[in-house]
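Visitor: pasted the sequence and its predicted model underneath.
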Amino acid sequence: MGPTLLAFALALLVWFLVVGKELRQRRPEWHWYLTGYPRTALRVVFTWAKVAYLNDLTVSRKPTRRVLGDLVVKGDPLRPCVPRCSFPRPTPNGLKLVVQLQPGQTPDPFLAATEALAHAWRMHAVRVVSPARGIVLITATANDPLQMPGRPAAPEPAALLPAVVGALETGRAWVMDFRRVPHWLIVGATQSGKSTLIARLITQLAPQPVALVGIDCKGGMELGLIAQRLSALATCRAEAVGILGALVTDMQERMRQCRARSARSIWDLGEKERPVPVVVIVDELAELYLTNGSKEQRAEAEQCSTYLLRLAQLGAALGVHLVVAGQRVGSDLGPGVTALRAQLSGRICHRVNDPGTAEMALGDLNKEAVAVAQSIGETEQGVAVTVGDMGAWMRSRSRLTTSAEVQQVAAKFADVTPDLRCLAGTVSGGEDA
């Protein structure tokens, strides 16, 4: 038995030093299933009772009592009752377990104990949700999936209007699908990743038969880089008024066309008679709303607000979609911003400078996501919290796309830029914008 045990020990050593390292780099999910999950599952099972007790996740049984005259005689002392949990199930980068709540318990203590659970189980992060009454689902991730080595590249979209912009914390591709979520709001501080996300979005939409319209009132410093692929580009608020007004007028024509064909949206029309889908990208919304108090500028801001709200309300069925970005998107910009924000069902929040911005972006959809967005650090550029069509939030990270890359893509697909007749004469399009 001696030589056999020695050979087995040497094989294990080779596994951990050579094969295990190679497997961790190339197929991290296999490495987790074979080595990380068994240890962590046992750790969860054997520490659950103690962890629940220390973090107030237990309830106390009511002791027996008897009243003898004016004297209350108590029975057994209070005993903590630990909620029952299932055996942890493996995931590609962690595990899941379901906890049955005791009568009188709520999910709130479990939400407050996520950091303690992560430390106790030696996991990267723990997330708690309550999918149904009386139970909570605890999901633990072993490593940050947004920074894991060996993560496979996201597949390119095959259908019209989806864009693969990065990766989700689950390891799956992060897709902005305008057919499912027609309008998107992107907020974040300077150098938080907004421009990178927009650049990646443009590189994904550029090969598709989609009209891209840019509104960049900072003189076109950002969107001017891809002017060759834009059907129109506004570099000031006056030009933005012309473009947005023309798109609202074009929507009326699209309505008439759908009504004549008894169609509820342009997607019910035939491919040959269907109008070209339009994606309007607004870089820094505040530039459209802030004024110096003059009557002319106030009138332009009000027109922009009205047109944007009109596009957001009716554009989904008519193939006109909005992507609105800014450092802050709150009522302090103007009375129409809150109404516009309510129409933008897709939300993306990068690192922000104040809690109010995260609350404005995510608070009306999911309160839990607000705290997660505020925890994004300065070193996590591109990391964001996104809320899509199902209302569930998810951490995500956009794929790094440089200015040179987006310019190269814009030049490559400049010849497929649709010519929107409704925008003729509003501003100079394409390279002349």
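Guide: Perfect, I can see it now. Since we're looking at a predicted model, the values are computed, not measured.
Visitor: so the chain: which segments form each domain?
Guide: The chain is divided into the following domains under automatic domain parsing: 26-141, 162-432.
Visitor: highest mean neighbour count out of the ones you listed?
Guide: Per residue and on average, the most neighbours among the domains of the chain fall to domain 162-432, with a mean of 19 (mean count of other C-beta atoms under 10 Å). Heads up, the C-betas are built off the backbone N, CA and C, glycines and all.
Visitor: before we move on, back to that, nearest to residue 4 among the domains of the chain would be which one?
Guide: Closest approach to residue 4 among those is made by domain 26-141 (22.4 Å; C-beta to C-beta).
Visitor: dump the domains of the chain to JSON lines, plus distance to residue 4 and mean pLDDT.
Guide: Listed next are those as JSON lines, based on distance: least, C-beta to C-beta, whole Å; pLDDT from 0 to 100:
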{"stretch": "domain 26-141", "distance to residue 4": "22", "mean pLDDT": "83"}
{"stretch": "domain 162-432", "distance to residue 4": "40", "mean pLDDT": "88"}
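Visitor: residue 349 bridge partners, please.
Guide: residue 187, residue 385 (DSSP bridges).
Visitor: where exactly do the helices run in the stretch 251-400 of the chain?
Guide: 286-289, 295-318, 335-343, 355-362, 367-374 (DSSP state H, counting those that start in this stretch).
Visitor: centre of the chain to the first one, how far?
Guide: So the one you mean is helix 286-289. Taking C-alpha atoms, centre = their mean, to the nearest Å, the mean C-alpha location of helix 286-289 is offset from the chain mean by 24 Å.
Visitor: ok, and what's touching it?
Guide: Outside of helix 286-289, the residues that reach it under the criterion C-beta atoms under 8 Å, 6 or more residues apart in numbering are 215, 217-218, 237, 240, 282, 301, 304-305, 308, 326-328, 333-334, 336-337.
Visitor: hmm, 10 Å instead?
Guide: Residues external to helix 286-289 that are found in contact with it (C-beta atoms under 10 Å, 6 or more residues apart in numbering): 215-219, 234, 236-237, 240-241, 244, 282, 300-305, 307-308, 324, 326-330, 332-337, 340.
Visitor: swap in the fourth one?
Guide: By C-beta under 10 Å, 6+ apart, the residues outside helix 355-362 that reach it are 185-189, 326-332, 337-338, 341, 344, 347-352, 354, 363, 367-376, 384-387, 393.
Visitor: list the contacts of the residue nearest to residue 362 when sequence neighbours are not counted.
Guide: Nearest residue to residue 362 in three dimensions, chain neighbours excluded: residue 369, at 4.4 Å (C-beta to C-beta, 6 or more residues apart in numbering). Residue 369 makes contact with 347, 349, 358, 361-363, 385-387, 391-395 under the criterion C-beta under 10 Å, 6+ apart.
Visitor: can you list the residues you listed in CSV and add distance to residue 199?
Guide: Formatted as CSV, the entries for the contacts of residue 369 read as follows, by distance: C-beta to C-beta, whole Å:
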residue, distance to residue 199
347, 19
349, 18
358, 23
361, 20
362, 23
363, 28
385, 20
386, 17
387, 22
391, 28
392, 26
393, 24
394, 21
395, 20
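Visitor: who are the contact partners of residue 225?
Guide: Here residue 225 is in contact with 199, 202, 214, 216, 403, 404, 406, 407, 410 (criterion: C-beta under 10 Å, 6+ apart).
Visitor: swap in 6 Å and give it another go.
Guide: Shown in contact with residue 225 (C-beta atoms under 6 Å, 6 or more residues apart in numbering): 403, 407.
Visitor: could you shift the numbering so residue one becomes 408, and keep it that way?
Guide: I'll keep to 408 as the first residue from here, and by that count the last item is residue 632.
Visitor: what about the strands in the stretch 458-607 of the chain?
Guide: Listed in chain order, the strands of the stretch 458-607 of the chain (DSSP state E, counting those that start in this stretch) span residues 466-467, 472-475, 478-481, 487-488, 491-492, 496-498, 501-507, 532-539, 542-548, 569-575, 580-584, 590-594.
Visitor: could you dump these to a markdown table with distance to residue 456?
Guide: Written out in a markdown table, the entries for the strands of the stretch 458-607 of the chain read as follows (distance: least, C-beta to C-beta, whole Å):
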| stretch | distance to residue 456 |
| --- | --- |
| strand 466-467 | 13 |
| strand 472-475 | 27 |
| strand 478-481 | 25 |
| strand 487-488 | 9 |
| strand 491-492 | 10 |
| strand 496-498 | 20 |
| strand 501-507 | 12 |
| strand 532-539 | 17 |
| strand 542-548 | 15 |
| strand 569-575 | 33 |
| strand 580-584 | 38 |
| strand 590-594 | 42 |
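Visitor: OK, contacts around the nearest residue to residue 751 once chain neighbours are set aside?
Guide: Spatially, and ignoring its direct neighbours in sequence, residue 751 is nearest to residue 592 (4.0 Å; C-beta to C-beta, 6+ apart). Shown here is residue 592, whose contacts under the criterion C-beta under 6 Å, 6+ apart are 731, 751, 754.
Visitor: which residues touch the first one?
Guide: Spelled out, that is residue 731. Contacts of residue 731 (C-beta under 6 Å, 6+ apart): 592, 689, 692.
Visitor: for it, name its beta-bridge partners.
Guide: Beta-bridge partners, per DSSP bridges, of residue 731: residue 592, residue 689.
Visitor: and the gap between it and residue 686?
Guide: For residue 731, the distance to residue 686 (C-beta to C-beta, to the nearest Å) stands at 11 Å.
Visitor: identify the contacts common to the two.
Guide: Contact criterion C-beta under 6 Å, 6+ apart; residues shared by residue 731 and residue 686: none found.
Visitor: could you check how far residue 631 is from residue 467?
Guide: The spacing between residue 631 and residue 467, counted by C-beta to C-beta, is 66 Å.
Visitor: again with residue 677
Guide: Going from residue 677 to residue 467 by C-beta to C-beta gives 68 Å.
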